[in-house]
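Trainee: Give the three-dimensional model of this entry:
(one chain, ligands or ions: 1)
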Amino acid sequence: MLIREGNILIERMNNFMDIKKQGFATRQIHAGKESNSAGALCTPIYQTSTFEFDSVEQGGNRFAGTEDGYIYTRLGNPSTARVEAIIAELEGGEAALATASGMGAISAALWSLIEAGDEIIADETLYGCTYALLAHGLTKFGVNVKFIDMADPSNLKDALSDKTKVVYFETPCNPTLKVIDIEETAKTAHEYNSNICVVVDNTFATPYLQRPLELGADVVVHSATKYLNGHGDVIAGVIVGKADFITTCRMFGVKDMTGAVMSPFNAFLMQRGLKTLDIRMERHCANAMKVAEFLHDHPAVDKVYYPGLKDFEGYEIAKKQMSLPGAVLSIELKADREKTAAALNKLELCTIAVSLGSDETLVEHAASMTHSTYTPEELKAANISEGLVRISIGLEDPEDIIADFKRILDELI
Ligand SMILES: Cc1ncc(COP(=O)(O)O)c(C=O)c1O
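Mentor: Got it, this is the predicted structure:
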C-alpha cells in the first residue's frame with residue numbers, strides 16, 4: 001500500500017490488512033511497517049542526511065512535488081516516517097510529523113497556524129516553556145495571546161473574538177493536573193468559528209488514555225520525550241492532524257521555521273518504545289493510583305492533585321474522556337518550602353529530576369524548575385502554588401515507591 005503525504009511516499013506492506021480495524025496493541029507494533037530490501041523485521045535506522053536522485057530532473061521533480069520520494073532528512077526520512085505512521089494511527093489522525101522535541105512540535109504547529117495580528121486563546125496552566133513561547137515569544141511578533149481558565153467553558157465563550165485563530169490547552173495540565181473538557185471546548189470554539197484550530201497537548205494522557213481528535217480537536221501535539229518513548233533516553237515531539245496541515249508543518253513549520261526534525265536514531269528508539277505503550281501505561285496508572293491513595297491519606301500531605309481521586313475537581317471530566325487517570329500527580333505538603341525540600345532530598349529510590357513518563361519515578365519542584373518561566377504573579381494566576389511538588393510515577397514496584405515516600409513523610413509528622 002502506498003500512502004502519499006505531501007511529496008513523501010510511505011511504502012507499507014502490501015499484504016497488510018486494514019490496520020484501522022485492529023486493536024491498539026496490534027497497531028502500536030505493526031502500523032506503518034515498511035518492506036525493506038534486507039527484510040529487516042524492525043525499521044532500520046536510515047542514518048543519512050540526504051537521498052540520491054537518479055537525475056537532475058528527478059531531484060527537481062521531487063522538490064516541485066511532482067514526483068514522490070525522499071529528498072533530505074529535514075523534510076522526511078523512512079525511520080521518522082515509521083514513527084509518524086504509528087502515532088497517526090494511535091491518535092486517529094490522518095497524518096503525523098515527528099519533531100526534535102515537544103517544544104519543536106508546539107512551535108512548528110503554531111508557526112504554521114498564525115501570523116501577526118492573530119489571536120491565540122490558551123489555558124493559563126501550561127508547561128513552563130509552552131507558557132514562555134506564548135507569553136514571551138510569539139507576542140514579540142505581533143500575536144496576541146489571551147490566557148484564561150478553560151476548566152470553566154464559559155470563560156472561552158467570553159474570550160473568543162474575530163481574531164481568534166487558535167485555542168490551545170493541555171489536559172491534564174502540567175503541573176496541576178487540571179482537566180479540561182475537550183469535547184465541550186472544541187464545540188464552543190467551532191460553534192463560534194469553524195476555522196478556529198483547537199490544539200491539544202496530549203502528553204500527559206497519550207493516545208492510549210485519551211484521543212482528542214475523536215473528541216473534536218483539530219490538532220494534537222506531544223512531548224514524545226515522555227510516555228510515547230517511555231524510557232527517559234530521548235527528546236522528541238510529534239504533531240498529529242489532517243494531512244494537509246501536517247504537510248504545511250513539514251514543509252514550512254519544520255523545514256523553514258524551526259528546523260526541529262527528529263533524528264533517525266531517535267526515531268528508532270521511539271519506534272522501540274511505542275511497541276509497549278499500552279502495557280507501560282496500564283502499569284504507570286495502576287502504580288499512580290496506589291501512590292495517590294497513600295499520599296491522600298498521609299497526615300503530612302496537605303493536598304494531592306490526581307484525576308483518579310474522587311475528591312479531585314477534574315475527576316468526573318477525566319472519567320468521561322480518559323480511559324485511565326494517568327500517572328503524573330502533584331502534592332502540597334503541610335511543611336513549608338524549606339522543610340519540603342529537605343524532606344525530598346532524603347528520597348532514595350525516587351529521583352529528583354524534571355521530565356516525566358519515564359520508567360523511573362521522578363520528583364520535581366514546579367515553581368523553581370519546570371515552571372520557573374512564570375513570574376510569582378503568573379504562578380498565582382495559574383493556580384500553581386509555591387510548594388507544589390510534581391511526581392511522575394514510574395514502573396517500579398509500587399510498594400517500593402510508597403516506602404520511599406513514607407520514610408520521608410513520617411519524619412514530618
Ligand atoms: C505537557 C508538556 N508539553 C510539552 C513539553 C515540552 O516537551 P520537550 O521537553 O520534549 O520539548 C513538556 C515538557 O516537559 C510537557 O510537559
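
Trainee: of all of the stretch 151-300 of the chain, which residue lies closest to the ligand?
Mentor: Closest residue of the stretch 151-300 of the chain to the ligand, C-beta to the nearest ligand atom: residue 223 (3.0 Å). Quick note: C-beta positions are derived from backbone N, CA and C, even for glycine.

Trainee: what does the stretch 1-150 of the chain give?
Mentor: residue 102 (2.2 Å).

Trainee: show me the contacts for the residue of the stretch 151-300 of the chain closest to the ligand.
Mentor: 101-103, 105, 127, 201, 203, 236-237 (C-beta atoms under 8 Å, 6 or more residues apart in numbering).

Trainee: Okay, and the beta partners of the closest residue to the residue of the stretch 1-150 of the chain closest to the ligand other than its chain neighbours?
Mentor: Ranked by C-beta to C-beta, 6 or more residues apart in numbering and with sequence neighbours excluded, the top spatial neighbour of residue 102 is residue 223, at 2.7 Å. Judged by DSSP bridges, the bridge partners of residue 223 are residue 237.

Trainee: gap between residue 223 and residue 126?
Mentor: Distance, residue 223 to residue 126, by C-beta to C-beta, to the nearest Å: 12 Å.

Trainee: So for these two, which residues contact both of them?
Mentor: Shared contacts of residue 223 and residue 126 (C-beta under 8 Å, 6+ apart): residue 201.

Trainee: Save the contacts of residue 223 as a markdown table, and put in distance to residue 308 and secondary structure too.
Mentor: Shown next, in a markdown table, are these (distance: C-beta to C-beta, whole Å; DSSP: H, G, I helix; E, B strand; the rest coil):
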| residue | distance to residue 308 | secondary structure |
| --- | --- | --- |
| 101 | 28 | coil |
| 102 | 24 | helix |
| 103 | 28 | helix |
| 105 | 27 | helix |
| 127 | 21 | coil |
| 201 | 20 | strand |
| 203 | 17 | coil |
| 236 | 27 | coil |
| 237 | 26 | strand |
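
Trainee: are any of those residues buried, and which?
Mentor: Buried members of the contacts of residue 223, counted by 16 or more other C-beta atoms under 10 Å: 101-103, 105, 127, 201, 203, 236-237.

Trainee: dump the residue contacts of residue 153.
Mentor: Taking C-beta under 8 Å, 6+ apart, we find residue 153 in contact with 181, 184-185, 188.

Trainee: Reformat those as a markdown table; add pLDDT, distance to residue 97 and neighbour count.
Mentor: As requested, these are exported to a markdown table (pLDDT from 0 to 100; distance: C-beta to C-beta, whole Å; neighbours: other C-beta atoms under 10 Å):
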| residue | pLDDT | distance to residue 97 | neighbour count |
| --- | --- | --- | --- |
| 181 | 98 | 27 | 21 |
| 184 | 98 | 28 | 17 |
| 185 | 98 | 23 | 25 |
| 188 | 98 | 27 | 22 |
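
Trainee: quick one: which two of those are the most distant?
Mentor: Pairwise distances across the contacts of residue 153 peak at 9.4 Å for 181 and 188 (criterion: C-beta to C-beta).

Trainee: For the nearest residue to residue 357 once chain neighbours are set aside, list the residues it contacts.
Mentor: Leaving aside its sequence neighbours, residue 357 sits nearest to residue 226 (C-beta to C-beta, 6+ apart; 2.9 Å). By C-beta under 8 Å, 6+ apart, the residues touching residue 226 are 102, 203-204, 355-358.

Trainee: cutoff 7 Å now
Mentor: 203, 355-357 (C-beta atoms under 7 Å, 6 or more residues apart in numbering).

Trainee: most surrounded residue in those residues?
Mentor: Sorting these by how many neighbours each has (other C-beta atoms under 10 Å) puts residue 203 first, at 30 neighbours.

Trainee: Give me the phi and psi for that residue.
Mentor: Torsion angles at residue 203 (phi, psi; degrees, to the nearest 10) stand at phi -60, psi -50.

Trainee: Assess the claim that it and residue 224 are in contact.
Mentor: No - the pair residue 203 / residue 224 is not scored as a contact, 8.2 Å apart, by C-beta atoms under 7 Å.

Trainee: Mutual contacts of those two, please.
Mentor: Joint contacts of residue 203 and residue 224 (C-beta under 7 Å, 6+ apart) are residue 102.

Trainee: Done for today, thanks.
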